[in-house]
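S.K.: Here is a sequence with its predicted model. Questions after.
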Amino acid sequence: MDNLIKVCEEYVKKDTINENTGHDYYHALRVYKMATYLSIGKDVNEKVIALASLLHDLDDYKVASPNSKKVEFFLSQHVDEETKIKVMEIVNNMSYSDYLKGKKVDSLEGKIVQDADRLDALGAIGIARVFAYSGKKNRHIYDYSFDDTSAIAHFYQKLLGLDSLMNFPESRLIAEERIAYMKEFLRQFFKEF
Ligand code: ADP
Ligand code: NI
């Protein structure tokens, strides 16, 4: 298992070497770390947690080409069919855009990795990622609107409400703490703007 994780980490690292919208190797590692932490006291399949955390963004429409099949490719080469199905099920249903389409993650491992991914959109790291993503997409920092595509608008359209979407109370607590920090940032931002 340890070797499999190392091989998977290397695969993600190599694939995301030019990724600079906040969906890079370090995001994958943070999600894995947080998912491991959220797994404490729960009866989880650690291999599924590790693989889903590390691979979850490789085929995301925001970062990959359409019909990208990097996750399936890796899993087909390295794990049994049952593990592959479990990981694919998580990766294909866990994103915020999946949630907006009404998709749900059913497994315990999926709910944990989903919370870990959402927590990485919050706090200081979350703030850094919004601006990285927005800059890469040539969007404004702020344009006196909460309904457009600016980075600041994204806080109000999505990020500040993520606490209510957490699957576990312990994730919600971390989310609330990180959102409080973001609100402090916004207070200062508007004071200076
Ligand atoms: P998920 O992985 O839950 O689907 P996303 O990939 O949509 O989440 O978002 C990951 C990160 O990308 C977020 O933390 C956010 O900062 C950034 N992001 C996504 N969409 C936007 C947007 N429209 N404007 C600014 N940042 C965005
Ligand atoms: Ni992610």
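M.R.: On my side now, so go ahead. Keep in mind the model is a prediction, meaning the values are calculated, not measured. Residues are numbered from 1 along each chain as shown. Ligands and ions are numbered 1, 2, ... in the order given.

S.K.: all contacts plus neighbour counts: C-alpha atoms, from now on.
M.R.: OK.

S.K.: Buried ones in whichever strand or helix holds residue 37, by neighbour count?
M.R.: Per DSSP states H and E: residue 37 is located in helix 25-38. Buried positions in helix 25-38, judged by neighbour count with 16 or more other CA atoms under 10 Å: 25, 27, 28, 29, 30, 31, 32, 33, 34, 35, 36, 38.

S.K.: ok, residue 181 - how many residues close by?
M.R.: 16 (other CA atoms under 10 Å).

S.K.: Please report how far it lies from residue 187.
M.R.: Distance of residue 181 to residue 187, computed by CA to CA, to the nearest Å: 10 Å.

S.K.: same thing with residue 118?
M.R.: Counting by CA to CA, the gap from residue 118 to residue 187 is 22 Å.

S.K.: ditto for residue 30
M.R.: Taken as CA to CA, the span from residue 30 to residue 187 is 27 Å.

S.K.: And residue 169, by the same measure?
M.R.: Distance from residue 169 to residue 187, by CA to CA: 27 Å.

S.K.: Now do the helices in this structure.
M.R.: Under the criterion DSSP state H, helices of the chain are mapped to 2-15, 25-38, 46-55, 70-78, 81-91, 96-100, 108-119, 123-136, 151-157, 169-192.

S.K.: Name all residues that make contact with residue 36.
M.R.: Going by CA atoms under 8 Å, 6 or more residues apart in numbering, residue 36 touches 49, 50.

S.K.: which residue is nearest the middle of the chain?
M.R.: In the chain, the centroid-proximal residue (CA atoms, centre = their mean) is residue 117; its distance is 3.0 Å.

S.K.: these two touch, right, that residue and residue 31?
M.R.: Yes. The criterion here is CA atoms under 8 Å, and residue 117 meets it with residue 31 at 5.4 Å.
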